[in-house]
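Predicted structure and sequence below. I'll ask about it afterward.
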Amino acid sequence: MVELVIIRHGESTANRDDLYTGWTDVPLTPLGVSQAHQAGQRLSEAGLSFTDVHTSVLQRAIMTTHIVLAETKQLWLPEHKSWRLNERHYGALRGRNKAQTKAEYGEAQVALWRRSYAEVPPLLPKPEHVDDRRYAHLPITALTRGESLEMAYARLMPYWIDQVAPRLLDGKNQLIVAHGSTLRALIKYLDQVSDADISKVEVPNAQPIQYTFDKQLRVVNKQVLRID
Ligand SMILES: O=C(O)[C@@H](CO)OP(=O)(O)O
């Protein structure tokens with residue numbers, strides 16, 4: 001048996017202020033920091049240890065990773081950061097207030113933008129982050145103007161196949177600290193959730209989800225390690 005734990009970052013300033021976030025690089029709030037400590041303590045209580053940790057290139061996930069690793073006394077672990085684990089890019093919605101868009105476009109449209117599999121948010125006129133050093137190694141086509149969950153799923157999967165699945169197949173426990181939508185995409189894949197049903201899946205901040213796999217990477221158990 002081999003273990004994978006996935007954790008969404010703790011509350012960010014954009015979560016607190018009800019703003020669409022995506023690739024916007026916002027920090028954790030004090031509550032988010034304390035949630036990350038609790039998540040780490042929960043992993044310690046469960047006696048879980050890892051050989052690698054994977055996170056995005058966004059500080060809310062990286063800060064959560066470091067707090068979790070400190071709590072579990074595993075700050076020394078190899079840490080792999082990839083844009084492929086970044087939150088879904090929210091296009092022209094990023095920075096806007098979610099309640100205001102509900103008032104403007106109606107609940108049904110906002111529900112589609114936020115939770116459907118295929119709906120693409122309003123696109124930016126051109127990609128952002130072109131001068132951001134962390135994305136300088138990427139082809140310009142990877143810098144998106146906005147993504148549906150389906151598009152985020154497509155760019156996440158190569159990371160799973162190349163970086164995570166081979167390590168799990170080698171019997172090495174892995175930890176992924178990422179974002180609501182990239183984790184929904186991963187859950188869709190691991191739990192074989194249909195395109196329609198993925199709209200009902202929510203991933204709360206800093207609640208570790210533990211998957212146990214057999215030698216052929218079939219899921220044999222899934223449990224949420226709840227924090228208060
Ligand atoms: O704003 C975002 O980037 C995400 C995650 O916080 O929001 P949503 O709940 O709409 O997926």
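On my side now, so go ahead.

residues from the chain in reach of the ligand?
Neighbours of the ligand within the chain, by CB under 6 Å from any ligand atom: 15, 20-22, 87, 90, 114, 180-181. Any C-beta I mention is one placed from the backbone N, CA and C, and that applies to glycine too.

at 5 Å instead, please
Applying CB under 5 Å from any ligand atom, we find that the chain lies next to the ligand at 20-22, 87, 114, 180.

I'd like those laid out as CSV, including neighbour count.
CSV is the format used below for the residues of the chain next to the ligand (neighbours: other CB atoms under 10 Å):
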residue, neighbour count
20, 21
21, 25
22, 25
87, 28
114, 20
180, 20
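
give the contact list for the residue of the chain found nearest the ligand.
Across the chain, the shortest distance to the ligand (CB to the nearest ligand atom) belongs to residue 21, at 3.4 Å. Taking CB atoms under 8 Å, 6 or more residues apart in numbering, we find residue 21 in contact with 12, 14-15, 87, 90, 94.

among those, which ones are buried?
12, 14-15, 87, 90, 94 (16 or more other CB atoms under 10 Å).

for this structure, what are the low-confidence residue spans?
Along the chain, no part satisfies pLDDT under 70.

quick one: the strands in it?
2-8, 52-55, 79-81, 174-178, 209-213, 219-224 (DSSP state E).

Dead centre of the chain: give me the residue that sits there.
residue 179 (2.2 Å; CA atoms, centre = their mean).

Got the phi and psi for that one?
For residue 179, the backbone dihedrals (degrees, to the nearest 10) come out as phi -130, psi 160.
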